[in-house]
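1. A structural model of the following input is requested.
(one chain, ligands or ions: 1)
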Amino acid sequence: MRTVIYPGSFDPLTNGHLDVIQRAAKLFDQVIVAVAKNESKTPLFALEERLQLVNASIAHLANVRADAFDCLLVDYVERQSAQAIIRGLRAVSDFEFEFQLALMNRKLNERIETIFMMPKDTYTFLSSRIVKEIARLGGDVSSFVPPVVQSALKSRLARPAA
Ligand code: ADP
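-> You can find the predicted model right below:
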């Protein structure tokens with residue numbers, strides 16, 4: 001059984017993440033979307049909320065499940081008996097950090113491979129940060145995130161018109 005881990009903050013999950021998940025689901029027997037606790041990043045959504053939003057958005061994918069983790073990624077990958085880590089690459093700007101992370105993870109555990117996937121071109125400009133910014137300013141994010149995420153953003157960031 002080939003299992004891959006897709007780790008991230010997912011604060012919140014976007015259609016770009018979902019696109020990568022769907023591509024990975026075609027290549028592997030099982031995909032685990034691993035939501036990092038990441039308290040240092042002071043997320044907008046608590047871990048449980050992020051996990052719930054991922055779960056609601058992957059319900060249609062039979063070989064994908066979500067989980068939370070709060071330890072060294074390579075240790076989590078071992079614990080799940082997974083073979084690889086998936087990361088998404090949007091633009092050259094992602095490359096340097098992702099390259100460093102992949103090589104560090106290889107140093108920590110030679111057995112685990114990192115695989116990079118590119119999303120559909122229309123999602124290459126998407127990030128959780130930009131989606132939160134648009135939602136905060138009252139913009140329409142319906143084409144960037146699944147409907148459950150859209151409503152969660154709306155209720156979290158709702159504010160009276162200035
Ligand atoms: P992190 O905080 O670990 O960067 P993110 O939730 O922001 O977590 O992203 C998780 C992974 O998904 C990263 O590899 C990131 O590059 C990738 N990613 C984020 N947004 C997109 C997108 N629109 N298209 C493809 N990959 C993406």
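2. and the protein, which of its residues are near the ligand?
-> Residues of the chain lying near the ligand by CB under 6 Å from any ligand atom: 8-10, 14, 16-17, 20, 87-88, 90, 94, 119, 123, 126-128. Yep, even glycine has a C-beta here, placed from its N, CA and C like the rest.
3. quick check: longest helix of the protein.
-> helix 92-108 (DSSP state H).
4. Buried residues of it, list them for me.
-> D94, E98, A102, N105 (16 or more other CB atoms under 10 Å).
5. Which of the residues of the chain next to the ligand fall within helices?
-> Reading helices off those with DSSP H, I get G16, H17, V20, D94, S128.
6. what's near enough to touch the closest residue to the second one other than its chain neighbours?
-> Leaving aside its chain neighbours, H17 sits nearest to F10 (6.3 Å; criterion: CB to CB, 6 or more residues apart in numbering). Applying CB atoms under 8 Å, 6 or more residues apart in numbering to F10 gives the contacts H17, V33, V35, R50, L53, V54, S128.
7. Give me the pLDDT for F10.
-> Predicted confidence (pLDDT) for F10: 97.
8. Please report the distance of it from K107.
-> Distance of F10 to K107, computed by CB to CB, to the nearest Å: 25 Å.
9. Point out where this protein drops to low pLDDT.
-> 159-162 (pLDDT under 70).
10. ok so, going back, what's the closest of the residues of the chain next to the ligand to N63?
-> V20 (14.5 Å; CB to CB).
11. So what's the residue count around that closest one?
-> 26 (other CB atoms under 10 Å).
12. Tell me if I'm right that it and F116 touch.
-> No: the pair V20 / F116 is not scored as a contact, 9.6 Å apart, by CB atoms under 8 Å.
13. what residues are shared contacts of these two?
-> Joint contacts of V20 and F116 (CB under 8 Å, 6+ apart) are I86, G88.
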